[in-house]
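Peer 1: Pasting the sequence and the predicted model now:
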Amino acid sequence: MAANMYRVGDYVYFENSSSNPYVIRRIEELSKTANGNVEAKVVCLFRRRDISTQLNSLADNNARDFEEDSKQPPASESQKHQLKHRELFLSRQFESLPATHIRGKCNVTLLNETDVLTTYLEKEDSFFYSLVFDPAQKTLLADQGEIRVGSKYQAEIPDRLAEGESDGRVQEKLETKVWDPDNQLKDPQIDQFLVVARAVGTFARALDCSSSIRQPSLHMSAAAASRDVTLFHAMDTLARCGYDLARAMCSLAPQGGPVLCRDEMEEWGASEAILFEEALEKYGKDFNDIRQDFLPWKSLASIVQFYYMWKTTDRYIQQVVLLTLSMG
C-alpha cells in the first residue's frame, strides 16, 4: 500500500501515451477536482530525446567537462550510452495531470562532483540532472546548486607535528579549541550521548508552551531537537565537562529543567519567513534595510543567521533555479 502513496516532492513516472516511454515529473501539488478525481500539478523533466541535436551537443560538452573536473573512473562505451538515458533536464514548465496516470516512483538527484556516474547504473529507477532546460527559449543552463570539491576550493592542511616538535605559531592569535578529538571517549559513547541530547531536547519542547504550539506533534518536536544546534550544544557540553559523561548528562538536565536549544530556523514563524523572502526580493542582502522596513523586532544577527539557514532549504534552491531561468 505504501508503494501507492505519493506526496509533494516525489519524482514519479507518468504514462501520457501507450506507445511512448513514461515521462518523469516532480509533484508540486495534489488537489481534488470538482468531480472527485485527484489531479497533480507537476514540474516537467525532459530526456535527451526531447531536446534538439544542438542542445544534445551542449549536454555532451558539459558531460565531458564534468568527467574531467571530477576525475571520473573510465567508463565503457556501453555505460556512457546507458548514462545518457539516466540524464534528465529540469525545467520550470508546469502541467496538470490526472493522478491515475502515475505509474510509480523514481529517484532524481542533482549531480555533484563527488558522484561516481556509473553508480547510477547500479540502481533501478535512478536518474540525475545538472542542466536546466527552457522549452520556450530552447536553452540549457547549468544549475547553480553545485558542490565545489577539489584543490581549487579546499585549504591545504599542513603535516601534523611530530611528537616534541615546536608549533612556532602565536597561540593567542589562534582560534579557541572547542573539541579535542583525542579525548578518552569512544565513538559509540559519544553517539549515545548525542541520542540522549536529542531526547532531552524533545522533552524540553514538550514542557515549553511556545514549542508545543509550533510543533504540535511528537514527530515534529523530535525533528526540531535533531537540528545542528542541539548537537553543537551537546558536544560543547561534553568538552566543557572534560569529556566526563556523568557530569555532561547532569548539565543537559539541571535542577531547573532540561536545556532547550533553538536555532533561528525554529525561532521564526511562517509569517516572518514570508516577510523575509519579500524583503530579500526587494533589497537583496541589505540586511539593515530588511530589518528597518520589514522585521524591526528582529536583531541584525538573527536576520543574518536566518538568511544562511534559509539558503539550505528547498525553497531557496527553487527560487534560484527560477531566477536563473527567467534571466536566461
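Peer 2: Sure, I can see it. Numbering: from 1, shown residues only.

Peer 1: what's the first-to-last distance across stretch 240-254?
Peer 2: Taking CA to CA, to the nearest Å, stretch 240-254 runs 15 Å from one end to the other.

Peer 1: Please, where are all the strands along the chain?
Peer 2: 11-14, 23-32, 38-46, 87-98, 102-110, 126-134, 139-142 (DSSP state E).

Peer 1: Of all these, which one comes closest to residue 161?
Peer 2: For these, distance to residue 161 was read as CB to CB. The smallest value, 39.8 Å, belongs to strand 102-110. From N, CA and C alone the C-beta is placed, and that goes for glycine too.

Peer 1: Which strands or helices does the closest one pack on?
Peer 2: Counting contacts by 3 or more CB pairs under 8 Å, 6 or more residues apart in numbering; DSSP states H and E, strand 102-110 packs against strand 11-14, strand 23-32, strand 126-134.

Peer 1: can you redo those as a markdown table with mean pLDDT, mean neighbour count and distance to residue 161?
Peer 2: Conversion of the helices and strands packed on strand 102-110 to a markdown table gives the following (pLDDT from 0 to 100; neighbours: other CB atoms under 10 Å; distance: least, CB to CB, whole Å):
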| stretch | mean pLDDT | mean neighbour count | distance to residue 161 |
| --- | --- | --- | --- |
| strand 11-14 | 93 | 19 | 49 |
| strand 23-32 | 88 | 16 | 51 |
| strand 126-134 | 90 | 20 | 41 |
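
Peer 1: Out of those, flag the one nearest residue 302.
Peer 2: Across these, closest to residue 302 is strand 23-32 (CB to CB), at 30.7 Å.

Peer 1: Put the alpha carbons of the closest one into PDB.
Peer 2: Extracted in PDB, the C-alpha atoms of strand 23-32 (Å, rounded to 0.1, in the frame of the first residue of the first chain):
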ATOM      1  CA  VAL A  23       7.700  10.700 -18.700                       C
ATOM      2  CA  ILE A  24       9.200  11.800 -15.400                       C
ATOM      3  CA  ARG A  25       7.700  14.600 -13.300                       C
ATOM      4  CA  ARG A  26       8.000  16.100  -9.800                       C
ATOM      5  CA  ILE A  27       4.800  16.500  -7.900                       C
ATOM      6  CA  GLU A  28       4.300  20.100  -6.800                       C
ATOM      7  CA  GLU A  29       0.700  20.000  -5.700                       C
ATOM      8  CA  LEU A  30      -2.100  17.400  -5.200                       C
ATOM      9  CA  SER A  31      -5.700  18.500  -5.400                       C
ATOM     10  CA  LYS A  32      -9.200  17.100  -5.700                       C
END
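
Peer 1: hmm, who's touching it?
Peer 2: The contact list for strand 23-32 (CB atoms under 8 Å, 6 or more residues apart in numbering) reads 6-14, 16, 38-45, 47, 88, 94-95, 97, 99, 106, 108, 127.

Peer 1: Recalculate using a threshold of 6 Å.
Peer 2: Strand 23-32 has contacts (CB atoms under 6 Å, 6 or more residues apart in numbering) with 8, 10-12, 14, 16, 38-43, 45.

Peer 1: among those residues, which ones are buried?
Peer 2: Buried subset of these (neighbour count, 16 or more other CB atoms under 10 Å): 10-12, 14, 40, 42-43, 45.

Peer 1: farthest-separated two in those?
Peer 2: By the measure CB to CB, 40 and 45 form the most distant pair in the buried ones among the contacts of strand 23-32, at 13.9 Å.
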